[in-house]
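Chemist: I'd like to go over a predicted model; first the sequence, then the structure.
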Amino acid sequence: MAVDQVEFSTEQVLSRDIPWETYMTTKLITGTGLQLLRRYDKKPENYKAQLLDDDGPAYVRVFVSILRDIFKEETVEYVLALIDEMLSANPKRARIFHDKSLTDEDIYEPFLRLLSKGSWFIQEKSCKILSLIVSGRPKDHESNGTLGSKKEIATVNDVWKGLVEWLCAQLKKPSHPSQGIPTAINCLATLLKEPVVRSSFVQVDGIKLLIPLITPASSQQSIQLLYETCLCMWLLSYYEPAIENLATSRSLPRLIDVMRGSTKEKVVRVVVLTLRNLLHKGTFGAQMVDLGLPQLVQSLKAQAWSDEDLLEALNQLEEGLKDNIKKLSSFEKYKQEALLGHLDWSPMHKDPIFWRDNITHFEEHDFQILRVLITILDTSSDSRTLAVACYDLSQFIQYHPAGRIIVNDLKAKERVMKLMNHENAEVTKSALLCIQRLFLGAKYASFLQT
């Protein structure tokens, strides 16, 4: 939802004079709160730092209570600017919000509420501050006395949910024309370190909102946005459900285009690290080879990079691609054999390593090779070819997690059952094994003698 407001910088907001005494007169802040504010407001940075070191939780309590009880926009903006200033100077101060003396304060609620209220300044600062505070909670937060109550955990989960919803809303329809998307990506690049945020982000189909942003950049601002978007992709590449979503998106060609067109080391590095994570997942390796990644990696290695991590990642990616090409080569041989319709007992048919390494290649082009094997059962008159085809179908059932379902869906069962009455003993033996695995499934397949 677009916010039509006059824009202010943090410095402009902090130049305002806020009538704290008036708020005390109307009982919106306490006498103690007024004393703390007088001591802190408009003072030099080093003086404020000392106050926070000495009495940080008291200042946090005052700031949070003002955001909870006072609704005047200029004052809300001012207090958010104070908190932003304090956290920008030292992000570790986020820990102050989790001090034991504040366990009775709902520290998240005011920021969560302000995400959808008022000016862009209020929304942006609330998002930034909330992200820092919730990310800075102690690691034993869920199991530490009163902090471990169900109410507190629910509040933390509410924060994750509220933040992910707001961030996705910004990516779909930014509240600010030029700052909405960069702000959302900047926060996501921090928050996606949290497993629960990765889960929420994938559940709301957030990955498809990142894909259009993965495009070669030129200006400094767009390079930073691209870097942080790729950082999000790298964090998601550690999460299996996200990898499944990435496999069905157009992310891989875009990442490779960025790698090809970028001269910024940090951008290239984070893309290389992402591709290294995806290399051995599903059919990503085969796609990378098809998209010319091995040649691109060699070209990049020849450039004078100063970043040692980047050079190491390029070497690891190159080695991984070489291994993948070897596996592809063995699958290519298998594929050619199947497409020619003449199968024989070459070692790969009974080699567990071949099936484990190549099982996902059978999914390519809508299970093309699997369909070819099933067609062979109908069309071939060669006993050896029929026996090997039945055996290979039984191997697919054993090594693919959804093998039984896929083979059944492709109507192979009836064809194999017909071959159980074949005149050739080799064919009937393979057909029987295939039917046994089809009925018993992979769980019991290892007990069957081959």
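Modeler: Perfect, thanks for sending it. Numbers count the residues shown, from 1 in each chain.

Chemist: hey, let's count contacts and neighbours off CA atoms from now on
Modeler: Will do.

Chemist: now for the chain, the helix or strand with the poorest mean pLDDT.
Modeler: Ranked by mean pLDDT, DSSP states H and E, the helix or strand of the chain with the weakest confidence is helix 442-445, at a mean of 52.

Chemist: so how far is residue 199 from the residue lying closest to residue 91 once chain neighbours are set aside?
Modeler: Excluding its sequence neighbours, the residue lying closest to residue 91 (Cα to Cα, 6 or more residues apart in numbering) is residue 132, at 7.2 Å. As judged by Cα to Cα, to the nearest Å, residue 132 and residue 199 stand 19 Å apart.

Chemist: before we move on, what about residue 176?
Modeler: Residue 176 sits 27 Å away from residue 199, going by Cα to Cα.

Chemist: which one's more surrounded, those two?
Modeler: Using other Cα atoms under 10 Å, the more surrounded residue of residue 176 and residue 199 is residue 176, with 20 against 16.

Chemist: verify the contact between that one and residue 119 for me.
Modeler: No - counting by Cα atoms under 8 Å, residue 176 stays clear of residue 119, with 9.7 Å between them.

Chemist: residue 177: what secondary structure?
Modeler: Secondary structure, DSSP: H, G, I helix; E, B strand; the rest coil: residue 177 is coil.

Chemist: can you pull the contacts of it?
Modeler: For residue 177, the contact set (Cα atoms under 8 Å, 6 or more residues apart in numbering) is empty.

Chemist: for it, grab phi and psi.
Modeler: With angles defined as degrees, to the nearest 10, residue 177 sits at phi -60, psi -40.

Chemist: got the confidence number for it?
Modeler: Note for residue 177: predicted pLDDT of 92.

Chemist: now it: how far from residue 171?
Modeler: Separation of residue 177 from residue 171 (Cα to Cα): 11 Å.

Chemist: do the same with residue 200
Modeler: Residue 200 is 15 Å from residue 171, by Cα to Cα.

Chemist: find the nearest non-adjacent residue to residue 268, please.
Modeler: Distances taken as Cα to Cα, 6+ apart place residue 259 nearest to residue 268, at 5.3 Å, with adjacent residues excluded.

Chemist: give me the element the one you found is part of.
Modeler: helix 251-261 (DSSP states H and E).

Chemist: now do whichever helix or strand comes after that helix: which elements does it pack against?
Modeler: As assigned by DSSP H and E, the chain's next helix or strand after helix 251-261 is helix 265-278. Using 3 or more Cα pairs under 8 Å, 6 or more residues apart in numbering; DSSP states H and E, the elements in contact with helix 265-278 are helix 220-236, helix 251-261, helix 308-340.

Chemist: tilt between the longest one and helix 265-278?
Modeler: Which is helix 308-340. Angle of helix 308-340 versus helix 265-278, following axes from the mean of the first three to the mean of the last three Cα atoms, to 10 degrees, is 40 degrees.

Chemist: phi, psi of residue 43?
Modeler: Torsion angles, degrees, to the nearest 10, at residue 43: phi -100, psi 160.

Chemist: per-residue pLDDT of it, please?
Modeler: In this prediction, residue 43 has a pLDDT value of 96.

Chemist: what about it, distance to residue 37?
Modeler: Distance from residue 43 to residue 37, by Cα to Cα: 10 Å.

Chemist: show me which of these two is the more surrounded one.
Modeler: The neighbour count for residue 43 versus residue 37, taken as other Cα under 10 Å, is higher for residue 37 (16 against 11).

Chemist: distance of that one from residue 58?
Modeler: 10 Å.

Chemist: now residue 98
Modeler: 12 Å.

Chemist: try residue 409
Modeler: For residue 409, the distance to residue 58 - Cα to Cα - is 66 Å.

Chemist: neighbour count for those two, which is higher?
Modeler: Neighbours were counted for residue 409 and for residue 58 using other Cα under 10 Å; residue 58 has more, 19 against 10.

Chemist: who are the packing partners of the helix or strand containing that one?
Modeler: Using DSSP H and E, residue 58 sits within helix 45-69. With contacts defined as 3+ Cα pairs under 8 Å, 6+ apart, helix 45-69 has these neighbours: helix 31-40, helix 73-89, helix 109-114.

Chemist: now do the contacts for residue 338.
Modeler: 369, 372-373.

Chemist: neighbour-wise, which of these leads?
Modeler: Ranking those using other Cα under 10 Å puts residue 373 first, with 22 neighbours.

Chemist: my read: that one touches residue 389, true?
Modeler: Yes - look at residue 373 against residue 389 with Cα under 8 Å: they come within range, at 5.7 Å.

Chemist: re earlier: residue 206 is nearest to which of the helices and strands packed on helix 45-69?
Modeler: Closest to residue 206 of the helices and strands packed on helix 45-69, according to Cα to Cα: helix 109-114, at 19.9 Å.

Chemist: need the residues that contact the next helix-or-strand element following the closest one.
Modeler: Sequence-wise, the next helix or strand downstream of helix 109-114 (DSSP H and E) is helix 120-135. Residues outside helix 120-135 that contact it (Cα under 8 Å, 6+ apart): 3, 5, 7-8, 76-77, 80-81, 83-84, 87, 91, 94-95, 97, 108, 111-112, 114-117, 156, 159, 163, 175-176, 183, 187, 190-191.

Chemist: got the buried residues for the strand or helix carrying residue 161?
Modeler: Using DSSP H and E, residue 161 maps to helix 150-172. The neighbour-count check on helix 150-172 (16 or more other Cα atoms under 10 Å) flags 152, 156, 159-164, 166-171 as buried.

Chemist: just these: which has the poorest pLDDT?
Modeler: residue 152 (51).

Chemist: which residues does residue 213 contact?
Modeler: Counting by Cα under 8 Å, 6+ apart, residue 213 touches 226, 229.

Chemist: roughly how far apart are it and residue 41?
Modeler: From residue 213 to residue 41 the distance is 40 Å (Cα to Cα).

Chemist: rewinding a little: may I see the contacts of residue 338 organised as JSON lines, with pLDDT added?
Modeler: Listed next are the contacts of residue 338 as JSON lines, based on pLDDT from 0 to 100:
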{"residue": "369", "pLDDT": "95"}
{"residue": "372", "pLDDT": "96"}
{"residue": "373", "pLDDT": "97"}
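
Chemist: so which of those residues are in helices?
Modeler: Counted as lying in helices by DSSP state H, out of the contacts of residue 338, are 369, 372-373.

Chemist: could I get stretch 108-118 in CSV with only the CA atoms?
Modeler: C-alpha atoms of stretch 108-118 as CSV (Å, rounded to 0.1, in the frame of the first residue of the first chain):
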residue,chain,number,x,y,z
TYR,A,108,7.9,-6.4,19.9
GLU,A,109,4.2,-5.3,19.8
PRO,A,110,4.7,-1.5,19.1
PHE,A,111,7.1,-2.1,16.2
LEU,A,112,4.9,-4.9,14.8
ARG,A,113,1.9,-2.6,14.9
LEU,A,114,3.8,0.3,13.3
LEU,A,115,4.8,-1.8,10.3
SER,A,116,1.4,-1.1,8.7
LYS,A,117,0.8,2.4,10.1
GLY,A,118,1.8,6.0,9.2
